[in-house]
Structure formats: C-alpha cells, structure tokens
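1. Need a 3D model of the following:
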Amino acid sequence: MLLAHPVILRNLVERHHALRVLEAERGGPEARRELAEVSSLLCVATGTSDVDAALIAAVHGLPGARVADDSLLSEGRDVSGLRG
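-> Now for the predicted structure:
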C-alpha cells in the first residue's frame, strides 16, 4: 500500500485538529464541510475508512513516532528544565 508523504500527513493532521477546534467554537456549515473533506483525505492518505483510525495511522506514520510515542523525549535532552 502506498502511504502519503510525511509532510502531507502532518499537514492533514494539523488541519484536522484546527478545524475540529473551529467547528467546536463556531460550528458553521463551511467549517463542517472542510472538516469532512480533510477527514476524507486523511482516510484516503492512510488507507483507512474511519477518521479516528486515520489520525492514529497518520501520527504513527510520521518520522519520530514510536509505539509508546515518547518522540518529544530524546537522549541527552533535559525536558524538565533542570540539569542533572
């Protein structure tokens, strides 16, 4: 199966999240239409038929994503703000 380029996946995930917030705040027909369109694109790009599965597949398909997704943590990087 062909997968979308990671940049495309990242953009779709970001657009989906932004549209969910916009739709929740204003709920207009245009926001709902665009959210449906982006959801459909995510499903096609990930080979899924459910937007929740598509989001999971897209996020895990991005570089740096891991099963436990500790991708924000890296060896030697102090995330607590304290040096040890």
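
2. okay, CA-based contacts and neighbour counts for the rest of this
-> Noted.

3. and the most centrally placed residue in the chain, what helix or strand is that in?
-> By CA atoms, centre = their mean, the chain has its centre lying nearest to Val13, at 3.0 Å. Applying DSSP states H and E as the criterion places Val13 in helix 6-25.

4. Which helix or strand lies directly C-terminal to that helix?
-> Beyond helix 6-25 toward the C-terminal end (DSSP H and E), the next one is helix 29-46.

5. Next, the buried residues of the helix or strand just after that next one.
-> Going down the chain from helix 29-46, the next helix or strand is helix 51-60, by DSSP H and E. Judged by neighbour count (16 or more other CA atoms under 10 Å), helix 51-60 contains these buried residues: Val51, Ala54, Leu55, Ala57, Ala58, Val59.

6. could I get stretch 50-63 in CSV with only the CA atoms?
-> The C-alpha atoms that make up stretch 50-63 are tabulated as CSV, following Å, rounded to 0.1, in the frame of the first residue of the first chain:
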residue,chain,number,x,y,z
ASP,A,50,-12.6,5.8,9.9
VAL,A,51,-11.2,9.2,10.7
ASP,A,52,-10.0,8.1,14.2
ALA,A,53,-8.1,5.2,12.7
ALA,A,54,-6.8,7.6,10.0
LEU,A,55,-5.5,10.0,12.6
ILE,A,56,-3.7,7.2,14.6
ALA,A,57,-2.2,5.8,11.4
ALA,A,58,-1.1,9.3,10.2
VAL,A,59,0.5,10.2,13.6
HIS,A,60,2.3,6.8,13.8
GLY,A,61,3.4,7.2,10.2
LEU,A,62,5.3,10.4,10.9
PRO,A,63,9.0,10.4,11.5
